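In: Give me a model of this one.
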Amino acid sequence: MLLVRFVVLIEGVLGAMVAGRPWAGPDIQITEAPSPADMVLVDREHVVQILVDPNEDHAVHRAAMDLVEDVYRVTGRRPELLGAMPPRAEGLVIIGTAQNGQTIKHLGQLGRLDLGRIADASEAYLIQTLREPLDGIGMALVIAGSDRRGAIYGIYTISEAIGVSPWYWWADVPVKIRRVLAIRPLTYRQGPPAVRYRGIFINDEDFGLRPWAARTFDPDLGNIGPKTYAKVFELLLRLKGNLLWPAMHEGTVAFNRLEENRRIAEEFGVIIGSSHCEQMLRNNVDEWHRYGQGDYDYVTNRDGVLRYWEARVKEFARFEGIYTVGMRGIHDSGMPGGGTQQQQAARLHQIIADQRQLLARYVNQDLSKVPQMFCPYKEVLALYRLAPDIPADITICWPDDNWGYVRQFCDQQERARQGGAGVYYHLSYWGLPYDYLWLCSTPLALAWEELTKAYDYGARAIWVVNVGDIKPAEIGMEFILDMAWDPHRYGPGDLDRYLKGRFARDFGQPWAEEMASIMEEYYRLCLQRRPEHMGIDPRNRLLADPGFSVMLNGDEAQARLDAFEHLAERVDALEHQLPAEYRDAFFQLVAYPVKAAASMNEKGLCLARFKVYSSQGRACAARYLAQAVDAYRRIQELTDIYNHRIAGGKWRGMMSAAPRNLPVFAFPSGHVQPVPQGTILGVAVEGDERAVTGKDPNVVLSLPRFSRFTRRRYFIDVFAVGTDSTPWQARPSDRWILIEPNSAEGDRRLIVDIDWAVAPQGQDVKGSITIVSGGQQVDVQVRLFNPTDAAPAECADFVEDDGLIVIEAEHTSSNRPGRDAIWQEIEGLGYNGKAMCTQPFTAGICDKPSEIATSSPSLEYKVWIWQAGRWSVIIRALPTFSVQAGMPQRVAVAFDDALPQIVSLPLCLTEQDPNWQQGVLRNMAFATSIHQLDRPGPHLLRIWMVDPGIVIDSIVACIGPRPRLGYTLPPETMCKVRD
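Out: Here you go, the predicted structure:
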């Protein structure tokens, strides 16, 4: 039978997107049509044997058993696992370490393996095919690790290459069956990883992982325990992670309370740590009331607290762990004991000294060999800044602000510390200003920007990402763990490679590009506002409504609804094309987050529209309340599918559509006003929240001014206020006013445009539209800006439109490099999917106005203004933190040759800061400068870097009172006339 050749490329070069990671290193090629030079693993007569040296750590043996099962998953045949070299074999897989593997060492001594590049490295590995490596062995596939985890990563690299996704179990990614499996000749090295400790934190597990484990996966225990953690450890290692902060909420059994948990962690070779409020591997929520005595207060109960910590250190000392030092409250609260900040900082240092005495007594007297971590989370960061001289061998793990923005970066002294630094990063959060525990919506581009910046500033010892329940954070979790292995494998313009490669691996090349495109758009929309914040919570002023205007910028709310509706349609179309065996995985990884987010947006935006339309007296208002109810029910249906119908009910209890039952998730409700009897004409126009009826003939509405240079169109809504509707007509005063439609019956949105070929010239041309229905009419004023001056078309890229200039930052007229930095476009950030950021992140700060213009990189925009006077420039940027601790993020702004003005984003030091709260909900912060422009005409707007790492989304310039900009901004005022 003729075998159809099939080649899988994994770890391929850029552009090789088939079933692997296209971003790293040489190819591992798997073929079903082997040549004599290839290493056959399985064919119709033969199944390869796998040799693991008996001296190897049990974690290597356990991973080798996974390889046996992975080969079985692909081929239906299990290799034999050997503990001694066979006298002869046509082919043999040899697994071991440069430390313990006698066969590996022997091959190195024979010169058949070059172990030099991995021997002294941590967690590195070499995969190589060898012809006749030893007497009696025809061919060997050697997986050599520098240590036990290096060997494990090499094993799982082969598993992934033959077609077993790391998510085969956790996301039900199917394995394609092959009858023949062979590997092309290769020499492939990886490691050491860029970040030493790479892990996840299972957190806020109350609404997903714990109920799923209790009800479905481990009902005998009724909690998260060894059975669940074994699956977590396997996933973590397949993703080349090595560290777990276990689940720790109230109601969850503390990880270290079960000896079996520790044993399984050691069996897998996973390091155990603990979160910022679980010092010395103690889960205080579940353990203090069991094992502690008195108050958890170092001031009043020092001996009791130390005994509590000592007991854990003694029992854990023989295991591989990272000890969190310092002290906070029982559960994510400030350190007990009171006192001034200076007193608390001094106490913190004494606590750390006491903790280190315990570690020296029970773990290792040489504390530089005991992994220790100090995480200055929330209020602790201020204490650290007061007294930063903690022992040099402790790793400082910088926290983000819980919303994906790293709060502090290493200075020169911190970069030189022996213990180094790390990052604690969130993909899920319970807390101010509002939770986001439901869907994973942090854009990969934001994680890339912040974590690359942190790495470049020395955060290279530990990365931990808060993944909530793991599901649905699969994509973000893998992305960050991949980054931790090699942060610079991605650049700011090619992040789509990750998604395309990931989906090609898990679903196949034909669908990868569309899946990646769908998720990129999902992340773009979520950057504007997360799904959890598209509801309404009357208790929280920041969630009084979703924020997107019904009446501004062409109806922002409808534009967002349309975008999500189109996205959901693309998901449905793709789902129908996929082979049936891929649909469960697709639902978990793509369909549920996208369609649930779409429905949440529909629920919130329709409820908000109902309220606006009710205030305008529209008879149709109740229709939108009903639509919100339908969207709510759709979320429940999608969640029921997740919990009960996919994968045969495997994930029952995993997905909650209303974590903590917050009001944003509630059934939508509102007061439906009675509709008056009869026929009453209603009219509303873009830019105005008011509505006018045909019974108010003296009220004239006015559309925003039309400009020849920006060519915007605006809408008029015609609607019934009463129970009955009759035909209406929209009559323009002049033929240059275009209306579509110009007549109908019932509620319609009219689009008004200008026929510029026949429009009269002038700076303030007036016309009108009269809406007539029966004996009622409403007049709408039309204003036109159509000057004779065509100069803007000749010398400007952006033009003032009624006192306003709007610019997307990436649309530069010129982008000028600085002495040691440039502005670079980042794909995937910004409300429209692109933003400008300075590179490299480690460029020097340039904050002397006299030097900025000559030394700093600049973005330049050719603009035209019609009005001289006092202009404001508003920089819209991501709410990032400065690389200078405790300082605001800054840029410089000027027109023409004026001296640059340095302006700052808000300096937000606490989570109670309203600027910070609004900033993270919108992923937007603002800096404003004032400029006196003495003449109309062309000007050059220039923006320079002051602090590296700032990310600019857009720029607004305006004269006079600040206009209503809406949530997403008006369209760019790009000059659209070039005649």
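
In: Report the contact partners of the residue nearest to residue 717 when sequence neighbours are not counted.
Out: Ranked by C-beta to C-beta, 6 or more residues apart in numbering and with sequence neighbours excluded, the top spatial neighbour of residue 717 is residue 684, at 4.6 Å. Every residue, glycine included, has its C-beta placed from N, CA and C. Listed by C-beta atoms under 8 Å, 6 or more residues apart in numbering, the contact set of residue 684 reads 551, 616, 690-692, 701, 716-717, 719.

In: pLDDT-wise, which helix or strand of the chain ranks last?
Out: strand 7-10 (a mean of 30; mean pLDDT, DSSP states H and E).

In: hmm, back to that, so how far is the helix or strand hosting the residue nearest to residue 717 from its chain's centroid?
Out: Element membership for residue 684 (DSSP states H and E) is strand 681-685. Here the centre of mass of C-alpha atoms in strand 681-685, compared against the chain's by C-alpha atoms, centre = their mean, to the nearest Å, lies 41 Å away.

In: Return the list of strands paired to it, each annotated with direction.
Out: Sheet pairing of strand 681-685 (DSSP bridges) gives strand 692-693 (antiparallel), strand 714-720 (antiparallel).

In: same question for it, mean pLDDT?
Out: On average, the pLDDT along strand 681-685 is 97.

In: What are the neighbouring residues in contact with the residue nearest to residue 337 when sequence neighbours are not counted?
Out: Distances taken as C-beta to C-beta, 6+ apart place residue 299 nearest to residue 337, at 3.6 Å, with adjacent residues excluded. The contact partners of residue 299, taken as C-beta under 8 Å, 6+ apart, are 336-339, 347.

In: can you confirm residue 299 is in a helix?
Out: No: according to DSSP: H, G, I helix; E, B strand; the rest coil, residue 299 belongs to no helix; its state is coil.

In: quick one: pLDDT of it?
Out: Per-residue pLDDT puts residue 299 at 97.

In: And it, how far from residue 348?
Out: Distance, residue 299 to residue 348, by C-beta to C-beta, to the nearest Å: 12 Å.

In: do residue 81 as well
Out: Taking C-beta to C-beta, one finds residue 81 at 50 Å from residue 348.

In: Which residues does the residue lying closest to residue 796 once chain neighbours are set aside form beta bridges with?
Out: Distance criterion C-beta to C-beta, 6+ apart; nearest residue to residue 796, sequence neighbours excluded, is residue 864 at 3.7 Å. When assigned by DSSP bridges, residue 864 has beta-bridge partners residue 799, residue 938.

In: you'd agree residue 864 is up against residue 794?
Out: No: using C-beta atoms under 8 Å, residue 864 is not in contact with residue 794; the gap is 9.6 Å.

In: Name the residue in the two with the higher neighbour count.
Out: residue 864 (23 against 12; other C-beta atoms under 10 Å).

In: any idea how far the more buried one is from residue 943?
Out: Counting by C-beta to C-beta, the separation of residue 864 from residue 943 is 18 Å.

In: And for residue 357?
Out: 53 Å.

In: just residue 865 next, same as before
Out: 17 Å.

In: The closest residue to residue 616 other than its chain neighbours: how many residues sit nearby?
Out: Leaving aside its sequence neighbours, residue 616 sits nearest to residue 691 (C-beta to C-beta, 6+ apart; 3.6 Å). Per other C-beta under 10 Å, the neighbour tally for residue 691 reads 23.

In: isn't residue 691 right up against residue 680?
Out: No: Residue 691 is beyond contact range of residue 680, at 10.8 Å (criterion: C-beta under 8 Å).

In: Could you pull out the residues contacting both of these two?
Out: Counting by C-beta under 8 Å, 6+ apart, the common neighbours of residue 691 and residue 680 are residue 721.

In: Would you enumerate the residues in contact with the residue of the chain most remote from its centre?
Out: Distance from the C-alpha centroid of the chain peaks at residue 775, with 56.1 Å (C-alpha atoms, centre = their mean). Listed by C-beta under 8 Å, 6+ apart, the contact partners of residue 775 are residue 694.

In: ok, it to residue 676 distance?
Out: 16 Å.

In: cool, and residue 407?
Out: Computed as C-beta to C-beta, the residue 407 to residue 676 distance reads 55 Å.

In: Give me the more crowded residue out of the two.
Out: residue 407 (20 against 13).

In: All the strands of the stretch 51-200 of the chain, residue numbers only.
Out: Here the stretch 51-200 of the chain has its strands, by DSSP state E, counting those that start in this stretch, at 80-82, 89-97, 125-131, 137-145, 181-183, 187-190, 197-202.

In: Present those as JSON lines; the columns should include mean pLDDT.
Out: Output for the strands of the stretch 51-200 of the chain, formatted as JSON lines (pLDDT from 0 to 100):
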{"stretch": "strand 80-82", "mean pLDDT": "97"}
{"stretch": "strand 89-97", "mean pLDDT": "97"}
{"stretch": "strand 125-131", "mean pLDDT": "98"}
{"stretch": "strand 137-145", "mean pLDDT": "98"}
{"stretch": "strand 181-183", "mean pLDDT": "97"}
{"stretch": "strand 187-190", "mean pLDDT": "96"}
{"stretch": "strand 197-202", "mean pLDDT": "99"}
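
In: CA-only coordinates of the longest helix anywhere in the chain in PDB, if you can.
Out: If you go by DSSP state H, the chain has its longest helix at helix 592-615. Presented in PDB, the C-alpha positions along helix 592-615 are these (Å, rounded to 0.1, in the frame of the first residue of the first chain):
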ATOM      1  CA  TYR A 592     -16.900  29.900  24.400                       C
ATOM      2  CA  PRO A 593     -14.800  32.900  25.200                       C
ATOM      3  CA  VAL A 594     -15.700  34.700  22.000                       C
ATOM      4  CA  LYS A 595     -19.400  34.000  21.900                       C
ATOM      5  CA  ALA A 596     -19.900  34.400  25.700                       C
ATOM      6  CA  ALA A 597     -18.100  37.800  25.500                       C
ATOM      7  CA  ALA A 598     -20.200  38.700  22.500                       C
ATOM      8  CA  SER A 599     -23.400  37.900  24.500                       C
ATOM      9  CA  MET A 600     -22.200  39.800  27.600                       C
ATOM     10  CA  ASN A 601     -21.500  42.800  25.400                       C
ATOM     11  CA  GLU A 602     -25.000  42.500  23.900                       C
ATOM     12  CA  LYS A 603     -26.600  42.200  27.300                       C
ATOM     13  CA  GLY A 604     -24.800  45.200  28.700                       C
ATOM     14  CA  LEU A 605     -25.000  47.500  25.700                       C
ATOM     15  CA  CYS A 606     -28.700  46.700  25.000                       C
ATOM     16  CA  LEU A 607     -29.600  47.300  28.600                       C
ATOM     17  CA  ALA A 608     -27.800  50.700  28.400                       C
ATOM     18  CA  ARG A 609     -29.500  51.500  25.100                       C
ATOM     19  CA  PHE A 610     -32.800  50.600  26.700                       C
ATOM     20  CA  LYS A 611     -32.200  53.200  29.400                       C
ATOM     21  CA  VAL A 612     -31.100  55.900  26.900                       C
ATOM     22  CA  TYR A 613     -34.000  55.200  24.600                       C
ATOM     23  CA  SER A 614     -36.500  55.200  27.500                       C
ATOM     24  CA  SER A 615     -35.200  58.600  28.500                       C
END
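
In: buried residues in it?
Out: Neighbour counts over helix 592-615 (16 or more other C-beta atoms under 10 Å) mark 592-614 as buried.
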